[in-house]
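A.B. asks: Provided below are the primary sequence and the corresponding predicted coordinates.
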Amino acid sequence: DVDIGDTLADPAQPEPLPLIAIDEPTLSMNFMVNTSPGYGQEGRYSSSRQLRERLYKETERDMALRVEDTPSPDTLRVAGRGILHLSILMENMRREGYEFMVGQPRVIYKEINGRKAEPVEVLTVDVAAEHGGTVIEYLGTRRAELLRMEAKDGRSRLEFHVPSRGLIGFRSRMLKATSGEIVLNHRFFQYEYFKGSIPQRQTGSILAMTAGEAEAYALDALQDRGRFFVEPGERVYVGQVIGESAREGDMLVNPQRSKKLTNMRAAASDRALKLAPAVKMSLEECLEYLNADELVELTPKSIRLRKTVLDENARRRAQKAAMEDA
């Protein structure tokens, strides 16, 4: 067998070439068998055996990827060089027909001299000069340190040291903020002492409490509660995250509530529904949105957000048990 990095040499002079240095994994995620109600309906490969074979096969050609088993036979822990590295793997698997779920990205921490340390990366950004301030301001909230800035021909070249966790969602957010006029690349630098907390999402999720097709009437009545990720007519299931609440804490709603028909005619009963367009998030944006108790469901046709525990009563019992253990 021949592996990546092996040297084919003359038997008379078997001198191997020096191995290429490969960056350490900085983020890990759990890949799981899909347990949602629509399991197996949109993907060709959905079993734990197929998921395991595909991930371990990927390690044969991607030397920076690490895959390891967990106590659960339906869950594998996958570590890579950052959120982009792992999201490319997930997108490729989707296109190949795989159906699975992933958990919240987790930084791989270490301990140095008795103190918590995290991976830091060198980020280089090339952007139009008028957007340079936007990039610097956003990365400032992500604990980044500006090292160098050059301006030439109406463009700015910026270099930062930024924690790996600060790059989650950065690419998609900046592509929107700069209208696509941004070029960026990053590489692992070293482990440094933990740089402090990074602002997280303060709002809760809007959860479906019934299964079926979302009704325009129900979504219209709930518009003041937050923004929605689903369109009228789209099928949803119990425990699915169908929107982002405008307030803290999760909110249970009934997206199947339809208008009651009566023989009475009210003055405002026939007003036209004006629904705001549903928010369609990319895979990277979904990973940034995730809370610790949420998962992303990936199929060749859909990307959905859901709670790890779909049943509300079971979810409350699990939260109560976790608080008692703490």
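C.D. replies: Good, I have the coordinates.

A.B. asks: quick check: A208 touching G239?
C.D. replies: Yes. With contact defined as CB atoms under 8 Å, A208 reaches G239; the gap is 7.0 Å. C-betas here are computed from N, CA, C, even on glycine.

A.B. asks: how does the chain divide into domains?
C.D. replies: Structural domains assigned to the chain are 27-107, 110-193, 205-260+271-325, following automatic domain parsing.

A.B. asks: mind checking the end-to-end distance for the shortest one?
C.D. replies: Read it as domain 27-107. Length of domain 27-107, first residue to last, CA to CA, to the nearest Å: 5 Å.

A.B. asks: now that domain: average pLDDT?
C.D. replies: Here domain 27-107 scores 93 as its mean pLDDT.

A.B. asks: do the same with stretch 258-266
C.D. replies: Computed over stretch 258-266, the average pLDDT equals 66.

A.B. asks: in the stretch 151-300 of the chain, which spans are strands?
C.D. replies: Secondary structure of the stretch 151-300 of the chain by DSSP state E, counting those that start in this stretch: the strands cover 155-163, 182-193, 205-208, 212-213, 226-228, 235-236, 240-245, 251-253, 294-298.

A.B. asks: distance to R52 added to those strands, as a markdown table?
C.D. replies: Output for the strands of the stretch 151-300 of the chain, formatted as a markdown table (distance: least, CB to CB, whole Å):
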| stretch | distance to R52 |
| --- | --- |
| strand 155-163 | 31 |
| strand 182-193 | 27 |
| strand 205-208 | 30 |
| strand 212-213 | 34 |
| strand 226-228 | 35 |
| strand 235-236 | 29 |
| strand 240-245 | 26 |
| strand 251-253 | 35 |
| strand 294-298 | 16 |
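
A.B. asks: of all those, which one is nearest V2?
C.D. replies: strand 182-193 (26.8 Å; CB to CB).

A.B. asks: for the record, mean pLDDT for that closest one?
C.D. replies: 91.

A.B. asks: and the contacts of that strand?
C.D. replies: Strand 182-193 is contacted from outside by 23-24, 26, 81-82, 110, 112, 115-128, 131, 135, 161-162, 164, 167, 171, 174-175, using CB atoms under 8 Å, 6 or more residues apart in numbering.

A.B. asks: mind doing that once more with 6 Å?
C.D. replies: Strand 182-193 is contacted by residues 23, 110, 115, 117, 119-127, 174 when judged by CB atoms under 6 Å, 6 or more residues apart in numbering.

A.B. asks: now, which of those residues lie within helices?
C.D. replies: Of those, the ones assigned to helices by DSSP state H are M174.

A.B. asks: in strands, which of the contacts of strand 182-193 fall?
C.D. replies: K110, R115, A117, P119, V120, E121, V122, L123, T124, V125, D126, V127 (DSSP state E).

A.B. asks: bridge partners for the last one, pull those for me.
C.D. replies: Listed by DSSP bridges, the beta-bridge partners for V127 are S156, I182.

A.B. asks: do the same with the second one
C.D. replies: Beta-bridge partners for R115, by DSSP bridges, are I112.

A.B. asks: what about K260, neighbour count?
C.D. replies: For K260, the tally of surrounding residues (other CB atoms under 10 Å) stands at 6.

A.B. asks: just to revisit the earlier point, show the buried residues in the ones in strands among the contacts of strand 182-193.
C.D. replies: Neighbour counting with 16 or more other CB atoms under 10 Å marks A117, P119, V120, E121, L123, V125, V127 as buried within the ones in strands among the contacts of strand 182-193.

A.B. asks: go through those and name the one nearest R306.
C.D. replies: In terms of CB to CB, no member of those lies closer to R306 than P119, at 28.8 Å.

A.B. asks: check contacts around that closest one.
C.D. replies: Applying CB under 6 Å, 6+ apart to P119 gives the contacts T26, S164, Y191.

A.B. asks: for the closest residue to it other than its chain neighbours, give me its contacts.
C.D. replies: The shortest distance from P119 to any non-neighbouring residue, by CB to CB, 6 or more residues apart in numbering, is to T26 (3.9 Å). Going by CB under 6 Å, 6+ apart, T26 touches G82, I108, P119, S164.
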